[in-house]
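Undergrad: With the sequence up front, the predicted model follows.
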Amino acid sequence: MIIDLQRISHTSESTIGALSIDGAFSCWTIEDAWHVAKIPGATRIPEGAYDMHLRTSGGLTQRYHKRFGEMHHGMLWLQDVPDFTWVYIHTGNRARDSEGCILVGDRAKNNQLGEGYVGSSAQAYRRIYTPIAQAILDGEGVKIRIT
């Protein structure tokens, strides 16, 4: 499975993107802003292609299992991201809800202050999670390409 994230708009506060799975648009994304020198908790990950696995341990995994129930098999985890650890695709509405992760939603906008927003995040997450997690569980191999 190939997931494409095309970054389409950015401000000094956030980055909005469009996420597609196997060529079909799936949802909007929000990430931190780009900074030449990494600012921990405030810088988006570099462009590139990353394999994805499920992370089945850790506090966020436990919270998501409680929140989403049996559909949740682990966090959607990007592998080998330079200078970052524990990069996930997960829910949230603003870049400040992320620490380098990719947040998903069904609506996206930038306000007058340059702060981006995605809405209906849990709804978008439920929709994209199952096919991605199932592909990982089936051993298909899942890769995300970020441009």
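TA: Structure's in. What do you need?

Undergrad: what about the chain, any weak spots by pLDDT?
TA: The chain contains residues with pLDDT under 70 at 112-114.

Undergrad: One more pass at 80, please.
TA: Along the chain, the model assigns pLDDT under 80 to residues 110-115.

Undergrad: need the helices for it, in chain order.
TA: If DSSP state H is used as the criterion, the helices of the chain fall at 59-68, 121-137.

Undergrad: can you list the residues that contact the last one?
TA: The reference is to helix 121-137. Taking contacts as C-beta atoms under 8 Å, 6 or more residues apart in numbering, the residues outside helix 121-137 that touch it are 1, 3, 19, 21, 26-28, 52-54, 67-68, 71-74, 76, 89-93, 103-106, 118, 141-142. For the C-beta atoms, the positions are set from N, CA and C on the backbone; glycine is no exception.

Undergrad: Tell me which of the helices of the chain sits most buried.
TA: Of all these, helix 121-137 has the most neighbours on average by mean count of other C-beta atoms under 10 Å, namely a mean of 17.

Undergrad: Kindly format the C-alpha coordinates of it as PDB.
TA: Only the C-alpha atoms of helix 121-137 are listed here, as PDB (Å, rounded to 0.1, in the frame of the first residue of the first chain):
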ATOM      1  CA  SER A 121     -10.300  14.300  13.100                       C
ATOM      2  CA  ALA A 122     -11.600  11.100  14.800                       C
ATOM      3  CA  GLN A 123     -14.000  10.500  11.900                       C
ATOM      4  CA  ALA A 124     -11.100  10.700   9.400                       C
ATOM      5  CA  TYR A 125      -8.900   8.600  11.600                       C
ATOM      6  CA  ARG A 126     -11.500   5.800  11.800                       C
ATOM      7  CA  ARG A 127     -11.900   5.800   8.100                       C
ATOM      8  CA  ILE A 128      -8.200   5.600   7.200                       C
ATOM      9  CA  TYR A 129      -7.000   3.500  10.100                       C
ATOM     10  CA  THR A 130      -8.600   0.200   9.200                       C
ATOM     11  CA  PRO A 131      -7.200  -0.200   5.600                       C
ATOM     12  CA  ILE A 132      -3.800   0.900   6.600                       C
ATOM     13  CA  ALA A 133      -3.600  -1.200   9.800                       C
ATOM     14  CA  GLN A 134      -5.000  -4.200   7.900                       C
ATOM     15  CA  ALA A 135      -2.300  -3.900   5.200                       C
ATOM     16  CA  ILE A 136       0.400  -3.800   7.900                       C
ATOM     17  CA  LEU A 137      -1.100  -6.800   9.700                       C
END
